[in-house]
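K.L.:
I'll drop the sequence and a predicted model, then ask my questions.
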Amino acid sequence: MGAALVMTSGFATAQSAPTMAAVPPVAAPAAAPSKPPPPPISESVVATVNDDLITSYDVIQRMRLLIVTSGIQPTEANLPDIQHEALRSLIDERLEMQDLREEGKTQKFNLIASDSEVDDELSDIARSNNTSSTQLLANLAAQGVGADTFRDQLRAEISWRGWIRGRYGQHLAVGDDQIKAFQKRLEAEAGKPQYQISEVFIDAVRAGGIAQAEQGATQLIGELQKGAPFAAVARQFSNSPSAANGGEVGWISTGEMAPKVDQALENLRPGQLSAPIPVKDGVYILLLKDRRAGGSTMVVNLKQAAIALPKAATDDQVAAARTKLEALRPKLSGCDNLAVEAAKVDGVISGDLGEAETKDLAPAFRDAAETLQVGQISAPIRTDAGLHLIALCAKHLGGAKQMTTDEIQNRLYGEELSMIAKRQLRDLRNTATIETR
């Protein structure tokens with residue numbers, strides 16, 4: 001089988017699985033375009049989702065699409081799991097499209113992605129695979145996947161993603177308190193060992209139980225060890241929001257995930273896959289990409305407002321300077337206006353001290369930097385060179401790349417949207433009539 005296509009996705013969702021009907025087995029996709037396409041497949045109804053039918057042809061086509069886009073080699077052992085995933089994804093898409101059509105009627109607005117939007121998505125995927133849309137569809141056709149099968153999947157993804165963002169995204173607000181809490185958690189965890197990971201999470205409810213989830217994870221690990229791309233497998237089979245990014249999680253610290261996950265990570269080397277890791281709600285497969293020791297050195301960014309005083313300055317001179325700085329201090333709002341306000345006071349000079357590790361600072365400055373919060377101003381500090389006010393502009397532990405405010409905001413926003421999409425689909429399932437045959 002050729003290389004897997006790199007797929008895009010909006011939200012990863014995990015839902016309960018219906019009982020699977022018997023579906024005629026699907027043959028492995030053709031290995032080369034020179035082979036003739038498979039013979040027509042006789043259709044039978046496999047499931048009904050409210051009033052929509054899912055046929056055996058639909059399921060087999062989706063199975064072939066999953067195989068091609070994930071890079072998994074089909075075998076008698078893994079075909080039942082691929083069949084399960086194909087039917088589950090088709091049921092989810094039917095529910096999503098039904099909801100979009102009903103909402104469109106209510107709002108008198110078409111919420112279904114247009115052909116041109118699907119064409120644009122298709123072009124983006126083709127470009128990421130260094131090919132054209134025409135060639136991409138031809139390659140799929142050569143492996144038994146109809147163009148409509150791929151386009152229908154893309155249309156559902158685009159439509160559902162757009163609807164969730166349009167309906168809920170504009171009302172979501174990631175507040176400063178959330179960002180500060182996230183930053184504080186990052187600071188607290190920065191001293192712990194850190195791991196850069198990608199994940200596949202198999203939801204136990206969706207798989208039909210923890211044993212089935214563990215069995216599915218074991219089979220996926222076998223495919224990954226044979227060369228199936230991790231990102232492609234995650235996009236098609238993971239039930240975590242990270243599936244939208246090919247399973248990419250980024251850097252995590254000890255304690256962020258379940259204890260069993262921490263234990264597994266301790267025993268992995270960069271580049272290694274974990275064994276299946278069962279947790280409360282499902283089973284993880286982890287790929288450890290890199291690891292590093294937690295930072296132990298505090299790095300600070302400081303500014304100062306100071307009055308020069310010789311070491312032998314009299315008490316009166318020090319007291320006069322202290323009075324000036326104490327009067328200036330309430331006017332300072334962190335680092336933003338320090339230079340402007342300092343320039344208004346005769347004899348006061350300001351300066352940017354830059355970024356430094358606290359261990360490299362003079363003792364008096366170090367004590368202030370370690371106790372101040374970002375944006376706070378110290379009391380006047382006496383040194384041999386003068387009297388100083390220290391403003392703490394930024395603070396983080398060394399050894400770790402710090403997330404910017406925008407990065408944190410985007411991450412929290414995306415997580416909230418993913419959870420909304422997951423709950424919305426769960427509610428649709430709970431109220432739908434789903435029958436399998």
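P.N.:
That came through, no problem.

K.L.:
who's in contact with the one residue sitting closest to the centre of the chain?
P.N.:
Residue closest to the mean C-alpha point of the chain, counted by Cα atoms, centre = their mean, is residue 242 at 4.4 Å. Neighbour list for residue 242: 12, 198, 199, 201, 234, 248, 249 [criterion: Cβ atoms under 8 Å, 6 or more residues apart in numbering]. Yep, even glycine has a C-beta here, placed from its N, CA and C like the rest.

K.L.:
again, only using 6 Å
P.N.:
With contact set as Cβ atoms under 6 Å, 6 or more residues apart in numbering, residue 242 has these partners: 199, 249.

K.L.:
The closest residue to residue 238 other than its chain neighbours in helix, strand or coil?
P.N.:
Closest residue to residue 238 apart from its sequence neighbours, by Cβ to Cβ, 6 or more residues apart in numbering: residue 200 at 4.4 Å. Following DSSP: H, G, I helix; E, B strand; the rest coil, the label given to residue 200 is strand.

K.L.:
for the protein, which helix is longest?
P.N.:
Longest helix in the chain by number of residues (criterion: DSSP state H): helix 79-107.

K.L.:
quick one on the thing from earlier: ok, the residue nearest to residue 238 - how many residues close by?
P.N.:
Neighbour count of residue 200, defined by other Cβ atoms under 10 Å: 31.

K.L.:
Any idea what it is bridged to?
P.N.:
On the basis of DSSP bridges, residue 200 is bridged to residue 285.

K.L.:
my guess is it contacts residue 239, does it?
P.N.:
No. The criterion here is Cβ atoms under 6 Å, and residue 200 misses it with residue 239 at 8.6 Å.

K.L.:
Can you give me the buried ones in the longest helix of the chain?
P.N.:
79, 81-100 (16 or more other Cβ atoms under 10 Å).

K.L.:
Return the list of helices and strands in contact with it.
P.N.:
Applying 3 or more Cβ pairs under 6 Å, 6 or more residues apart in numbering; DSSP states H and E, one finds that helix 79-107 makes contact with helix 56-70, helix 147-168.

K.L.:
so for the first one, what's the average pLDDT?
P.N.:
When pLDDT is averaged over helix 56-70, the result is 93.

K.L.:
Send me that helix as PDB with only the CA atoms.
P.N.:
The C-alpha trace of helix 56-70 is given here as PDB (Å, rounded to 0.1, in the frame of the first residue of the first chain):
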ATOM      1  CA  SER A  56     -23.300  -2.000   3.000                       C
ATOM      2  CA  TYR A  57     -21.800  -0.100   0.100                       C
ATOM      3  CA  ASP A  58     -21.500   3.000   2.300                       C
ATOM      4  CA  VAL A  59     -19.700   1.000   5.000                       C
ATOM      5  CA  ILE A  60     -17.300  -0.700   2.600                       C
ATOM      6  CA  GLN A  61     -16.500   2.500   0.900                       C
ATOM      7  CA  ARG A  62     -15.700   4.200   4.200                       C
ATOM      8  CA  MET A  63     -13.600   1.200   5.300                       C
ATOM      9  CA  ARG A  64     -11.500   1.600   2.100                       C
ATOM     10  CA  LEU A  65     -11.200   5.300   2.800                       C
ATOM     11  CA  LEU A  66     -10.000   4.600   6.400                       C
ATOM     12  CA  ILE A  67      -7.500   2.100   5.200                       C
ATOM     13  CA  VAL A  68      -6.000   4.400   2.500                       C
ATOM     14  CA  THR A  69      -5.900   7.500   4.600                       C
ATOM     15  CA  SER A  70      -4.500   5.900   7.700                       C
END
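
K.L.:
what's the pLDDT at the residue lying closest to residue 428 once chain neighbours are set aside?
P.N.:
In this structure, residue 428 finds its nearest non-sequential neighbour in residue 95, 4.3 Å apart by Cβ to Cβ, 6+ apart. For residue 95, the pLDDT comes out at 95.

K.L.:
how about the strands of the stretch 151-300 of the chain, start to end?
P.N.:
Counting by DSSP state E, counting those that start in this stretch, residue ranges of the strands within the stretch 151-300 of the chain are 194-203, 248-253, 277-278, 282-292, 298-308.
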